[in-house]
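> Model the structure of this input:
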Amino acid sequence: MTGDALPAPRGTGWLALLQKELLRFWKVSFQTIAAPVLSALLYLLIFSHVLESRVSVFNGQVRYTSFLVPGLVMMAVLQNAFANASSSLIQSKVTGNLIFVLLPPLSPLDMFAAYVLGAMVRGLVVGLGVFVVTLPIMPGPVAIAHPLVAIAFAVLGSGILATLGMIAGIWADKFDELAAFQNFLIMPLTFLSGVFYSIHTLPPFWQALSHFNPFFYMIDGFRYGFFGLSDIAPGVSLALVATAAAILAALALTMLARGYKLRH
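Numbers count the residues shown, from 1 in each chain. Sure thing, here's the model as predicted:
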């Protein structure tokens, strides 16, 4: 009939969910984008002012302030990708509007793609914002040694934390459980991943322990993209990060397919 709305093409429902996820953080961008960018800038100003002349990294080949920038960029990417996916799901579960996501004929892959891509966009946008605002503070001209490597680690890292955020949001039944997941797992792993230091400055025991932290490989590989220097061979880091991304994606898809804690 004339004037009737045409049905959406089959298989494009996930795009509507993705749009919802993007609008969700963009409409409060002052909180979801500007605030974490400001936090990262404050970290840089404080740590660079206090430690610039006292800390040597990569045998003095890189100034400490420059060393901090990629770590802070990647930290912002990881934390915000996790926060977006996890908060979206737990909020939908607590308010009861998750039913409107489950009712349409969306496959587990559709839901996974929408939530993870939406969270990745927020993480990458915040990371780009951190990079831009820190440029005036860099002690010298910026010359990224391997930009494609940096992009690869940023995309994989944001995907991993977005997926982990989705898993946490599915698992948690209330905000307190999600806060515990973030405070006792995500935050310690992020801060102990080499954002503010090279692991070669640590005692041997703590150096060895750092190799069990998956976040370390994301940040170290991303930093290699900037300087061509790293604590671990970038190929090893990339392989480990890609493997972690595949494992977590399989876990999240399995939880979605089974309706774990989603269909009560």
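> quick one: low-confidence parts of the chain?
1-11, 139-141, 264 (pLDDT under 70).
> redo that, cut-off 50
1-3, 5-6 (pLDDT under 50).
> Pick out the residue nearest the middle of it.
residue 78 (2.2 Å; Cα atoms, centre = their mean).
> Which strand or helix spans it?
Following DSSP states H and E, one finds residue 78 within helix 64-95.
> Mind checking what helix or strand follows that helix in sequence?
Helix 64-95 is succeeded, C-terminally, by helix 99-102 (DSSP H and E).
> quick revisit: once you drop chain neighbours, what's closest to the residue nearest to the centre of the chain?
residue 161 (4.5 Å; Cβ to Cβ, 6 or more residues apart in numbering). Using the backbone N, CA and C atoms, a C-beta is placed for each residue, glycine as well.
> so how far is the helix or strand containing the one you found from its chain's centroid?
For residue 161, the host element (DSSP H and E) is helix 147-171. On the basis of Cα atoms, centre = their mean, to the nearest Å, helix 147-171 is displaced by 5 Å from the centre of the chain it belongs to.
> next one: stretch 65-81
10 Å.
> then that stretch to CSV, C-alphas only?
Extracted in CSV, the C-alpha atoms of stretch 65-81 (Å, rounded to 0.1, in the frame of the first residue of the first chain):
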residue,chain,number,x,y,z
THR,A,65,57.0,11.8,28.5
SER,A,66,57.0,10.4,25.0
PHE,A,67,57.0,6.9,26.5
LEU,A,68,53.9,7.6,28.5
VAL,A,69,51.8,8.8,25.6
PRO,A,70,51.1,5.5,23.8
GLY,A,71,50.6,3.8,27.1
LEU,A,72,47.9,6.3,28.1
VAL,A,73,46.3,6.2,24.7
MET,A,74,46.0,2.4,24.8
MET,A,75,44.8,2.5,28.4
ALA,A,76,42.0,4.8,27.4
VAL,A,77,41.1,2.6,24.5
LEU,A,78,40.9,-0.5,26.7
GLN,A,79,39.1,0.9,29.6
ASN,A,80,36.4,2.7,27.5
ALA,A,81,35.8,-0.2,25.2
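> What are the buried residues along that stretch?
Buried residues in stretch 65-81, defined by neighbour count with 16 or more other Cβ atoms under 10 Å: 65-81.
> repeat for stretch 198-213
198, 199, 210, 213.
> Could you list the residues in contact with that stretch?
By Cβ atoms under 8 Å, 6 or more residues apart in numbering, the surrounding residues in contact with stretch 198-213 are 55, 57, 58, 67, 189, 192, 193, 194, 216, 231, 232.
> roughly how far apart are the third one and residue 52?
When Cβ to Cβ, to the nearest Å is applied, the distance between residue 58 and residue 52 equals 15 Å.
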